[in-house]
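[1] mind folding the following:
(one chain, ligands or ions: 1)
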Amino acid sequence: MTALTDMADLTLEDGIAVITIDNPPVNALSQGVRQGIKDGVEKCLADNAVKAIVLICAGRTFIAGADITEFGGAPKEPGLHETLDRMENADKPIVAAIHGTALGGGLETALCCHFRVCDSGARFGLPEVNLGLLPGAGGTQRLPRVVGAEKALQMMTSGVQIGAEEALATGLVEQIVDTDLRSGAVAFAHEVVASGQPLQRIRDRDDKLQSARGNPGLFDEFRKSIARKTRGFLAPEYNIRCIEAAVNLPFDEGIAVEQKLFMELMSGPQSRAQQYFFFAERQAAKIPDVPRDTPERPINKVGVIGAGTMGGGISMNMANVGIPVIIIETQQEALDRGLGIIRKNYENTAKKGRISADDVETRCGLITGSLDMQDLADCDLVIEAVYESLDLKKEIFTKLDGIVKAGAILASNTSALDINQIAAVTARPESVIGLHFFSPANVMKLLEIVRGDHTAKDVIKTSMSFAKRINKVAALVGVCPGFVGNRILFQRQAQAQQLIMEGALPHQVDKVLVDFGLPMGAFQMSDLAGLDIGWNKQASNGATIRDMLCEADRRGQKTGAGYYDYDENRTPSPSALVEKIILEFSAKDGIDRRVVSDQEILERCIYPMINEGAKILEEGIAIRASDIDVVWVYGYGWPLYRGGPMHYADSIGLDQIVATLRKYAEATGDATFEPAPLMVKLAEAGQGFSSL
Ligand code: 3H9
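    Next up is the predicted model:
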């Protein structure tokens, strides 16, 4: 064996050279890998004893892409293009042997080999779009030449992966090896040599592009089909343009289009934000005082208290990954309704073809119901998901403590209440934690995990791993009203209310927020959640706009009216009645209404959120600024291409945020605009949250 670099080595046996990449954890195409491949190929081409080359990876996966940590730095020789050109132009066959995930630059590397074999678990994808990019090493021109423009459009605009069988069917791989991958690939290389077959260079093919050439509407139809999902993102459109170039231009011209668009994306703010977020998400899994090797408690059975919208959604998460769940309700009718809704949800998913009819039965079979809390005795984790009443939650936890086996974790899905007070009613506060799911709980990716004063480290570790197991992204936060997500949301909602008193109307505020990239505005969100959350009919005396709307039975979407009027399809339209109520309120408070600009709406809704984020950091409620961004992207649909509120603040400059907050503090006299000391300190030092 010859070491090529510290990330690659070469062996030669019976005429077949094997270049092995070893760059844990994911064999990214770091400088040492590129150098190793290039040097290895050149060595083999110069050596008459070598008849063919196999490119394989050690560890858990084939090359999973370019090394993202190298992005933005000075280019390091050799470049990926140069390396891949050397491979594709080689006059000896090169066979890629693929296991794990061949992604991004990894798949592009494989596409520059002359043949590809894989094991049965291999997966393939060009996920650059998720980093705000497009495949920049020829992938945009080569993938459509292998799988066709239609499939390439789908893969490159979503980043979706395909498995080995599909790769074989589309011609992306020549063979699935069912023995040891390395020996299978070497045997394949021997066959290629023996047959004397010509080397296949994907750049020279265009048979798979013919159907797209005969279908001029293909691209615009495709654009329409993804418009809603990709609103605001640049990269999907740029990927499409590259595939159009692959279809309509010669290979080298297509590569030139790819290069130009790649550089544009790479130097733009969207990709910077999306790359930042890639690492933010992974960073969130790391808890400084809870080491990786902290033991975990086994979770084989889960109990959920409450069969309402949240309880039902939460339960589906477990059933989706094969964990049995028991749901507890107080009334048979409520239990039946909850179980019925779960079944309906699954049936709807099956109708869309996303799961099979068998899956519906399997998942529903994993969810049972009971009216008896004693049935929770053997659960490893119990998640309470009843309405937000501290007294009720305390009562439930007192009971649970006497029923559930020792060592079990007791969790509350509260979105704002004090976990410490809930834990204090039990004899095992170390086993109590907050698991805050976001609605719809079976869809939203975020799990805010709330650590109480006494929560044990193994309970935190178990909860973080459990989140991953049920396909959630977890962010660990501390106890304060509203934790990280809702505490920041309260600021925005309060400003939205204030803005409509001063002169804006709900639809104007919402439009600004939606144009910014959020999935819905402040008032649309209130209508969706229900204006009567926390509203008390008996105590209501028309003191707020919300009171007035609830008293008029305008309690949100569910009653067909709230801040907006809704038609039978729940399409909102501005309400003349609501406008009248708002105007009366302004008059009553002696406010002289004025025209509020869109810029003021944006700054007054968003900057106090950033300010609250800074306070949250100061208080140690969040571990890192990037964790706050994870909460807002996955819990509230903050546009990924803006990275999250804290990254957004850094991209604008904290000095500017501080100055703007001070301007509003002075103009309104509202102390919430006073910038947090931490932010002032960073701004004065010319730094951002990312420097913390
Ligand atoms: C590209 O290829 C551009 C080219 O087209 C053009 C170039 C000219 N680089 O996710 P995990 C780290 S763009 C550097 O927890 P999993 C990650 O940060 C790239 N580091 O594991 C983490 O570090 P740590 C296109 C990377 O098993 C560790 O590896 N490719 C990279 O759940 C484990 O990661 C992609 O976008 C990287 N490329 O999932 C693929 N990838 O332990 C991105 C990972 O310190 N990667 N790391 O926190 C993935 O999707 C997943 O990591 C993968 C494994 C599915 C591979």
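
[2] residues of the helix or strand harbouring Leu392 that come out buried?
    Using DSSP states H and E, Leu392 sits in helix 390-403. Going by neighbour count (16 or more other Cβ atoms under 10 Å), the buried part of helix 390-403 is Lys393, Lys394, Ile396, Phe397, Lys399, Leu400, Asp401, Ile403. In short, each C-beta sits where N, CA and C put it, glycine included.

[3] grab the nearest non-local neighbour of the fifth one.
    Leaving aside its sequence neighbours, Lys399 sits nearest to Met373 (Cβ to Cβ, 6 or more residues apart in numbering; 5.9 Å).

[4] the one you found is in contact with Thr398, isn't it?
    No - Met373 is beyond contact range of Thr398, at 11.1 Å (criterion: Cβ atoms under 8 Å).

[5] list of residues touching the stretch of helix or strand Thr11 belongs to?
    Following DSSP H and E, one finds Thr11 within strand 8-13. Strand 8-13 is contacted from outside by 1-4, 17-23, 32-33, 35-37, 39-40, 43-44, 47, 49-50, 186, using Cβ atoms under 8 Å, 6 or more residues apart in numbering.

[6] please indicate which of these are buried?
    Here the buried ones among those, as counted with 16+ other Cβ under 10 Å, turn out to be 4, 17-23, 32-33, 35-37, 39-40, 43-44, 50, 186.

[7] distance of whatever residue of the stretch 401-550 of the chain ends up closest to the ligand relative to Asp629?
    Residue nearest to the ligand within the stretch 401-550 of the chain: Lys468 (8.5 Å; Cβ to the nearest ligand atom). Using Cβ to Cβ, to the nearest Å, one gets 19 Å for the distance from Lys468 to Asp629.

[8] and these two? Which one has more around it.
    Taking neighbours as other Cβ atoms under 10 Å, Lys468 and Asp629 compare with Asp629 leading, 30 against 12.

[9] hang on, the earlier thing: what pairs with the next helix or strand along the chain from the helix holding Leu392, parallel or antiparallel?
    Remark: after helix 390-403, the chain's next helix or strand is strand 409-412, criterion DSSP H and E. Take DSSP bridges as the rule and strand 409-412 pairs in its sheet with strand 381-384 (parallel), strand 432-437 (parallel).

[10] before we move on, the earlier item: residue contacts, the residue of the stretch 401-550 of the chain closest to the ligand?
    Counted by Cβ under 8 Å, 6+ apart, Lys468 has contacts Ala285, Ala474.

[11] do Gly36 as well
    Leu4, Thr5, Met7, Ala8, Asp9, Ile19, Ile21.

[12] for the closest residue to it other than its chain neighbours, name its beta-bridge partners.
    Closest residue to Gly36 apart from its sequence neighbours, by Cβ to Cβ, 6+ apart: Ala8 at 2.4 Å. Beta bridges link Ala8 to Thr5, Ile21 when assigned by DSSP bridges.

[13] now for Ala8, how many residues are close by?
    Neighbour tally, Ala8, other Cβ under 10 Å: 26.

[14] then Gly688?
    Neighbours of Gly688 using other Cβ under 10 Å come to 21.

[15] phi, psi for Thr450 please.
    To be clear, residue 450 is Val; Thr isn't right here. For Val450, the backbone dihedrals (degrees, to the nearest 10) come out as phi -110, psi 120.

[16] just checking, it touches Ile419?
    Yes - with contact defined as Cβ under 8 Å, Val450 and Ile419 form a contacting pair (5.1 Å).

[17] where does Leu417 sit: helix, strand or coil?
    For Leu417, the assignment made with DSSP: H, G, I helix; E, B strand; the rest coil gives coil.

[18] tell me which residues touch it, please.
    Residues counted as contacts of Leu417 (Cβ under 8 Å, 6+ apart) are Glu388, Leu390, Lys393, Pro481.

[19] distance of it from Asn611?
    Applying Cβ to Cβ, the value for Leu417 to Asn611 is 24 Å.

[20] what do you get for Ile299?
    38 Å.

[21] okay, the two: which has more neighbours?
    Asn611 (24 against 19).

[22] wait, isn't that one in contact with Pro677?
    No - taking Cβ under 8 Å as the definition, Asn611 is not a contact partner of Pro677, at 10.8 Å.

[23] can you pull the buried residues of the helix or strand containing Asp336?
    Using DSSP H and E, Asp336 maps to helix 332-351. For helix 332-351, the neighbour count (16+ other Cβ under 10 Å) marks Ala334, Leu335, Gly338, Leu339, Ile341, Ile342, Arg343, Asn345, Tyr346, Thr349, Ala350 as buried.

[24] equivalent analysis for stretch 162-180, please.
    For stretch 162-180, the buried set under the neighbour-count rule, 16+ other Cβ under 10 Å, comprises Ile162, Ala164, Ala167, Leu168, Thr170, Gly171, Leu172, Val173, Glu174, Gln175, Ile176, Val177.

[25] which among the residues you listed gets closest to Ser651?
    Closest approach between these and Ser651, by Cβ to Cβ: Ile162, at 34.6 Å.

[26] show me this protein divided up by domain.
    2-266, 302-479, 504-588, 598-620+624-691 (automatic domain parsing).

[27] between those, which one is closest to Gln498.
    Distance to Gln498, taken as Cβ to Cβ, is lowest for domain 598-620+624-691 among these, at 7.5 Å.

[28] what helix or strand does Ala539 sit in?
    With DSSP H and E as the criterion, Ala539 is inside neither a helix nor a strand.

[29] wouldn't Leu111 be in contact with Thr140 here?
    No - Leu111 lies out of contact with Thr140 (Cβ under 8 Å); the separation is 10.6 Å.

[30] higher neighbour count, these two?
    With neighbours defined as other Cβ under 10 Å, Leu111 and Thr140 compare such that Thr140 has more, 31 against 27.

[31] per-residue pLDDT, that one?
    Looking at Thr140, its pLDDT reads 98.

[32] that one and Ile68: what is the separation?
    In terms of Cβ to Cβ, Thr140 sits 18 Å off from Ile68.

[33] before we move on, what about Ala496?
    37 Å.
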